[in-house]
Structure formats: structure tokens, C-alpha cells
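Colleague: following is a predicted model, sequence given first.
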Amino acid sequence: MRIVLLGATGFVGHHLLPALSAAGHRCIVLCRYRLGCRELALIPGVELRQVDIHDVEVLKAQLAGAEAVINMVGILNESGRNGAGFRKVHVELVEKLIAACRQTGVHRLLHVSALNAGKGNSHYLLSKGQAEELIRNAGDLESTIVQPSVIFGDGDDFFNRFAALLKVTPVFPLACPNAKMQPVWVGDVTAAMTAALNDPESIGKTLIMVGPEEYSLKELVEWTAVMAGLKRRVIGLSGAFSRLQGWLMDFVPGKPFSSDNYRSLQIDNTSVKNSLWRFGIHPRSIESVVGEYLGESVHQKHLDRCRKQVAGR
């Protein structure tokens, strides 16, 4: 299958493209800066094209001859605070993509959204929900919407970011410490996405993808410190101080946290439903994966100690 991918140069794309390649698909990756992700071109069947995906005429030209489109474009924060950045990336781009699909005869669309899309009052979740509504209302397309919880894996922006922040401070003030999450492994997500492409039963469906366990944000950050070999004290902030931290971080370059993130975290990122099982995928836990890329795992440290003891005999 000839697939055009948007937003495939990020974390999930680096894991999805090898899976699609192994399944025999030809992947056309649309990107802003080709040299910045040239390692992806080494994957068999992957071609990089540097284009402006926000130009509908460009999209039409790139989609010509494609059999499917996968959209993974998304942002966690915007440069401003009024939601315009989220609307441009999450809503307006989807409008242009739907138009381009219709004009080029591409019917199959796989769209990566977010768990709880459309709920709450954050610009992030509301714009994700608006994009989903656009896709569901496009009845002439054979679409599938993917709603994952926080995705983890080698190169992720969750555990790796917290590990980096924990390294620079012995005491870590954490906003929204009781927010619930159900992290899902990127390998499970990409396996399900690859399978869904050729699954007629997934057309018109919303696939929820979560891991096997629920955790509070504080539990995850404390566990990150252990896996990174750091002794840190994580202090959970109250609701008022969490909101204040978000407001202050709105003005920090790069926005490691924001008031919009605060609003998103008011809704638990968990689900009793899990579409991974329909593809025969048994969700992997953070304990079985994260230690292998975040730092030495507890198991590895124990094994090293045993080897030293044996060698000293």
C-alpha cells in the first residue's frame, strides 16, 4: 500500500515507519525540514518530501496516487494562549486534509487523536475533539481514529523529559500530582495502527489504546527518579499552586508546562476500554520497558552485582 504520512518525523513516527516498512508498505513522509530527519530515509520503502503541509494545493499534489493517509500531526502547547495555534494544527489542517483526500480520491484515513478528545476546557483537548468531529462527519472517507493515552518508549517525551528535569533539582515541585494516567507502549500502538490499516472492521471506529495499569502523575515521576538512579523528593502541589505554576510557565520559552496543560490534567487520562485486545495485543507495562532506555533497570543492577560476586570468588 502507498501511504502518505503527516507528522511522522516525531517520536511515534520513528517507531511506526519501521513497522509499516516490515509490512511491505511504501511510505511517503511529508516534513518541514528533510535534513533534520534524514535517518528515516534509511528505512526501506520510506521517502522524505520537504513540503508545506498547510497548503491544500501541496497536499493534493502529494496525495495523488496514494491509497491511504496517516495523520499524526499534533502539538502539546502553542506559542500564544488563545487556542489559535491548536486550531491551526489540529483543526484547520484536518479540514485541508479532508478536502485533499476528496479531490484526489484517497479514501482511507488513519488519524491519531488523544484520549478524552473533546472533553474538558483545554484548547488541546477541545481542538482534538473538533478534528474528530470533522472526520466523523466526512462519511465518504474510510476513517479510523486512534485515541492513545500517554505514549512511552525509547525516545519518548514523557519519561525522558521528567528524567532530565529531575537531574537538575533535588526537590521537584509537581503540578497536578493526583492526575491519573494509563501509559501505553509505543510498540503496542504502532502494531495496532499497522494492523488497523488493512482491517475493514476498524473503519468508522475510534480505537482507544491504553496500558495495563493506572498511575498518578506523582507515582510516575517518583518511579522515573528511581529508574534514572536519582534520589529526589517530589512534592505534589495543591490545585491553586498547580494552576499558578501553569500560568507562570506560560511565559517560559519552550513551555515545559502551561495553563493549558493544567486544564488537560483535570481529566483522568485513563479508560476501562482498550482496543489493543481486538488485535491480539497484550499491553506492555512501563516496568517491562522504561528501565531499558531511561537508565540501568533494577533487574540489570541486580544482575551486575551478582556477576561481580561470582567474579570475586
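Modeller: Nice, thanks for sending it over.
Colleague: need the helices for the stretch 51-200 of the chain, in chain order.
Modeller: Along the stretch 51-200 of the chain, counting by DSSP state H, counting those that start in this stretch, helices occupy 56-63, 84-86, 93-104, 123-137, 159-166, 186-197.
Colleague: what helices or strands is the shortest one leaning on?
Modeller: Meaning helix 84-86. helix 123-137 (3 or more C-beta pairs under 8 Å, 6 or more residues apart in numbering; DSSP states H and E). To be clear about C-beta, it is placed using only N, CA and C from the backbone, and glycine gets the same treatment.
Colleague: give the rounded mean pLDDT of the helix it packs on.
Modeller: Helix 123-137 comes out with an average pLDDT of 98.
Colleague: got it, and stretch 243-263?
Modeller: Mean pLDDT, stretch 243-263: 95.
Colleague: next, the buried residues of it.
Modeller: For stretch 243-263, the neighbour count (16 or more other C-beta atoms under 10 Å) marks 243, 245-246, 249-250, 255, 257-263 as buried.
Colleague: now swap in stretch 110-119 and tell me
Modeller: Within stretch 110-119, the residues that qualify as buried are 110, 111, 112, 113, 114, 115, 116, 117, counting by 16+ other C-beta under 10 Å.
Colleague: what's the first-to-last distance across that stretch?
Modeller: Between the start and the finish of stretch 110-119 there is a gap of 21 Å, counting by C-alpha to C-alpha, to the nearest Å.
Colleague: what's the offset of it from the middle of its chain?
Modeller: Stretch 110-119 has its C-alpha centroid displaced from the chain centroid by 10 Å (C-alpha atoms, centre = their mean, to the nearest Å).
Colleague: now do residue 243 against residue 61, distance only.
Modeller: 45 Å (C-beta to C-beta, to the nearest Å).
Colleague: equivalent analysis for residue 295, please.
Modeller: With distances taken as C-beta to C-beta, residue 295 is found 45 Å from residue 61.
Colleague: the two: which is more packed in?
Modeller: In this view residue 295 and residue 61 are compared by other C-beta atoms under 10 Å, and residue 295 has more residues nearby, 16 against 13.
Colleague: excluding chain neighbours, what is closest to the more buried one?
Modeller: With C-beta to C-beta, 6 or more residues apart in numbering as the criterion, residue 295 has its nearest non-adjacent residue at 4.7 Å, and that residue is residue 228.
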